[in-house]
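> how would this look folded up:
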Amino acid sequence: MNDQKKTFSFEFFPTKTAEGAAKLRTTRQQLAQFKPQFFSVTFGAGGTTRDGTLSTVLEIRGEGLAAAPHLSCIGSTQDNIRAILNEYRNHGIRHIVALRGDMPSGMVAAGEFRYANELVEFIRSEHGDHFHIEVAAYPEFHPQSKSAEDDMNNFVRKVQSGADSAITQYFFNADAYFRFVDEVQARGVAIPVVPGIMPIANFGQLCRFSDMCGAEVPRWLRQRMQAYYDDTASIRALGLDVVTELCDRLLSNGAPGLHFYTLNQAGLVSTICQRLGM
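Sure, this is the predicted structure:
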């Protein structure tokens, strides 16, 4: 797993308290040992964490590490997105994760951007090739997509609009990822599609979140996990085995790297990385 061509990255969310910020610094220090290509920082619905996203990115960069802010466009205006992009550029940021995002609670209008490809087009029109643009991919299809074909077309549009690379929603079925990559490559997509990886910490919470975001938790895994009830040690052990085996299969069969959804925790991610020999 020491192939230098593979790239690894870790995702955080901005914290709201001084205690949370301190814990995130500790998490970062633990994960920095794996020499990730970058850390990414999420962006709340409607820009609710705009300041926290930027401050976290700047703090990471101040530690000599690469960082990429997320930028979601739903519910926003061109002027607002333009201001954020200019702010990022003025701070020397050159890497962005461009997303449609979730509609802010209580908002009924999508704003001036309906889809992520429109955001990618706007970034390119405003800043040319200044930013490396990551976009999202959904091997098991976006939960709001009309059909598998429609979702595939949406992804291709994002790439044609100027995306440089993609990070997938997390999944536990490697075949879904490989099938997705084969299909988009057959449509002329040549950018790297990096698998998103979710460690299993709290299985009940994972299932609830997966049901909302369209990530499938295999029935056999649900049954095994449910059989452990509140045996957290057994749940953790099985989760580590399942996710490590998934990562190993992905990397061994050509995935360009891995992007870990850390939930601001280092423990499980560190163990998986160590097992992979990163």
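> make it CA atoms for all contacts and neighbour counts henceforth
Noted.
> show me where pLDDT drops low in the stretch 51-200 of the chain?
103-110 (pLDDT under 70).
> what are the ranges of the helices in it?
For the stretch 51-200 of the chain, the helices defined by DSSP state H, counting those that start in this stretch occupy 78-90, 116-127, 148-160, 174-186.
> quick check: the gap between the residue of the chain most remote from its centre and W220.
Going by C-alpha atoms, centre = their mean, the residue of the chain most distant from its centre is A227, 29.9 Å out. Using C-alpha to C-alpha, to the nearest Å, we find A227 at a distance of 11 Å from W220.
> R236 too?
Distance from R236 to W220, by C-alpha to C-alpha: 16 Å.
> quick one: which of the two has more around it?
Neighbours were counted for R236 and for W220 using other C-alpha atoms under 10 Å; R236 has more, 18 against 9.
> the more buried one against A201, yeah?
Yes. Contact criterion C-alpha atoms under 8 Å: R236 and A201 qualify, at 6.2 Å.
> what's the neighbour count on C73?
C73, neighbours per other C-alpha under 10 Å, totals 29.
> if we can go back for a sec, would a markdown table of the helices of the stretch 51-200 of the chain with mean neighbour count and distance to P14 be doable?
Below are the helices of the stretch 51-200 of the chain laid out as a markdown table (neighbours: other C-alpha atoms under 10 Å; distance: least, C-alpha to C-alpha, whole Å):
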| stretch | mean neighbour count | distance to P14 |
| --- | --- | --- |
| helix 78-90 | 15 | 16 |
| helix 116-127 | 19 | 22 |
| helix 148-160 | 18 | 26 |
| helix 174-186 | 16 | 28 |
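> so which of those gets nearest L65?
L65 sits nearest to helix 78-90 of all the helices of the stretch 51-200 of the chain, at 16.1 Å, using C-alpha to C-alpha.
> picking that back up, let's have the helices of the stretch 51-200 of the chain in TSV, adding distance to L71.
Below are those laid out as TSV (distance: least, C-alpha to C-alpha, whole Å):
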stretch	distance to L71
helix 78-90	8
helix 116-127	9
helix 148-160	14
helix 174-186	24
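> which of these sits closest to A67?
That would be helix 78-90 among those, by C-alpha to C-alpha, at 11.4 Å.
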